[in-house]
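Peer 1: my questions concern the predicted model and sequence given below.
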Amino acid sequence: MASYLPVLTFHMIEDKPSVLSYSPYLFKRFMEQLRLRGYKTINLTEAVGTISTGNPLPEKTVILTFDDGYASVYEKAFPVLEEYGMSATVFLTVGDTAPGADDRLPSLNGADMLRWREIRNMRDGDIEFGSHTLTHPDLTRLDSGEIEHEIRQSKEIIEDFLGTPVSSFAYPYGRYNEESMKTVCQYYDCACSDELGLLTQKSRPYAVERVDSYYLRSESVLKLLFTGLFPTYVLLRNVPRRIKRSLGGW
């Protein structure tokens with residue numbers, strides 16, 4: 001029985017000088033090592049369901065998540081996931097209009113996003129899809145009606161297009177307050193925050209901790225994930241974040 005599960009966050013799988021980018025080479029090496037070491041992946045809803053029911057956490061398991069819905073998830077990550085038999089959860093920022101199959105998600109950070117037909121192809125390839133709102137706002141800055149619209153309507157758009165339930169959510173920028181969490185609880189089974197940490201039996205289903213790929217940018221650091229030192233590494237990386245927030249930064 002495992003004492004924790006790493007929930008890892010990726011955005012773009014690109015060789016770009018951006019905190020949102022992660023090397024395609026390193027991503028493939030990581031998936032290769034997962035398989036060689038006997039690890040498996042499960043989707044986020046399954047993982048949170050395990051802690052919600054009090055069942056033991058599975059050994060040698062990680063959860064891979066992708067935020068926003070960048071085109072590189074389909075072009076560069078999905079073929080590697082299929083090659084190594086890995087699953088993932090992808091959180092989509094869907095826009096506020098009904099999509100066509102060849103339409104792209106609305107651009108974020110000037111980047112190309114997924115087409116809806118690509119999303120459907122990934123759905124057929126063991127990828128779970130969750131919501132990341134309609135327009136990627138900071139939910140803590142919206143009124144209750146706007147929060148409801150962003151959270152509920154994004155779920156409905158994905159479900160209508162894919163014909164499958166959407167049970168997971170990721171707060172844009174990881175930010176949430178009492179009102180947004182309360183609304184998410186009405187429509188989803190779990191949600192991810194930006195809290196740096198590991199999924200344990202003590203985790204809150206609607207504020208799941210994750211480890212951003214920014215902290216996993218070398219093979220030597222990735223190797224820590226397969227050792228008992230990984231929780232210590234995550235704890236140490238969390239220290240400057242906590243200090244910044246205690247001083248008033250998010």
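Peer 2: Ah, there it is.

Peer 1: so what sits opposite the nearest residue to Val48 once chain neighbours are set aside in the bridge?
Peer 2: Spatial nearest neighbour of Val48, excluding adjacent residues (Cβ to Cβ, 6 or more residues apart in numbering): Cys190 at 3.9 Å. Quick note: C-beta positions are derived from backbone N, CA and C, even for glycine. On the basis of DSSP bridges, Cys190 is bridged to Ser168.

Peer 1: check Cys190 and give its pLDDT.
Peer 2: As predicted, Cys190 sits at a pLDDT of 98.

Peer 1: which residues touch it?
Peer 2: For Cys190, the residues meeting the contact criterion (Cβ atoms under 8 Å, 6 or more residues apart in numbering) are 44-45, 48-49, 167-169, 205-206, 208.

Peer 1: go again using 7 Å as the cut-off
Peer 2: Applying Cβ atoms under 7 Å, 6 or more residues apart in numbering to Cys190 gives the contacts 44-45, 48, 168, 205-206, 208.

Peer 1: and if you look at Tyr74?
Peer 2: So Tyr74 contacts 114, 118, 122 (Cβ under 7 Å, 6+ apart).

Peer 1: what's the distance between the residue nearest to Val48 and Arg37?
Peer 2: 27 Å (Cβ to Cβ, to the nearest Å).

Peer 1: in stretch 144-164, what counts as buried?
Peer 2: 147-152, 154-155, 157-158, 161-162 (16 or more other Cβ atoms under 10 Å).

Peer 1: what do you get for stretch 68-82?
Peer 2: Result for stretch 68-82 [16+ other Cβ under 10 Å]: buried residues 68-74, 76-78, 80-81.

Peer 1: can I get it in CSV? Just the C-alpha atoms.
Peer 2: The C-alpha coordinates for stretch 68-82 follow below in CSV (Å, rounded to 0.1, in the frame of the first residue of the first chain):
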residue,chain,number,x,y,z
ASP,A,68,-5.5,24.3,-20.6
GLY,A,69,-5.6,22.0,-23.7
TYR,A,70,-2.5,23.0,-25.8
ALA,A,71,-2.1,21.4,-29.3
SER,A,72,1.1,19.8,-28.2
VAL,A,73,-0.8,17.5,-25.9
TYR,A,74,-2.2,15.7,-28.9
GLU,A,75,0.8,16.2,-31.2
LYS,A,76,3.6,15.3,-28.8
ALA,A,77,2.3,13.8,-25.6
PHE,A,78,-0.5,11.6,-26.7
PRO,A,79,1.6,9.4,-29.1
VAL,A,80,4.1,8.8,-26.3
LEU,A,81,1.3,8.0,-23.8
GLU,A,82,-0.1,5.5,-26.3
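
Peer 1: so for the residue nearest the centre of the chain, what's the pLDDT?
Peer 2: Computing the C-alpha centroid of the chain and ranking residues by Cα atoms, centre = their mean puts Thr65 first, at 3.1 Å. What the model reports as pLDDT for Thr65 is 98.

Peer 1: output the contacting helices and strands for the worst-scoring helix or strand of the chain on mean pLDDT.
Peer 2: Every helix and strand in the chain was compared by mean pLDDT, DSSP states H and E; the lowest is helix 230-246, with a mean of 84. Contact partners of helix 230-246 among helices and strands, from 3 or more Cβ pairs under 7 Å, 6 or more residues apart in numbering; DSSP states H and E: strand 190-196.

Peer 1: ok, now with 8 Å
Peer 2: strand 190-196, helix 219-224 (3 or more Cβ pairs under 8 Å, 6 or more residues apart in numbering; DSSP states H and E).

Peer 1: what's in contact with the longest helix seen in the chain?
Peer 2: Scanning the chain for the helix with the most residues, using DSSP state H, yields helix 144-162. Where contact means Cβ under 8 Å, 6+ apart, the residues beyond helix 144-162 that reach it are 92-96, 98-99, 116, 119-120, 123, 129, 131-135, 137, 139, 142, 165-166, 169, 179-180, 183-184, 187-188.

Peer 1: thank you, goodbye.
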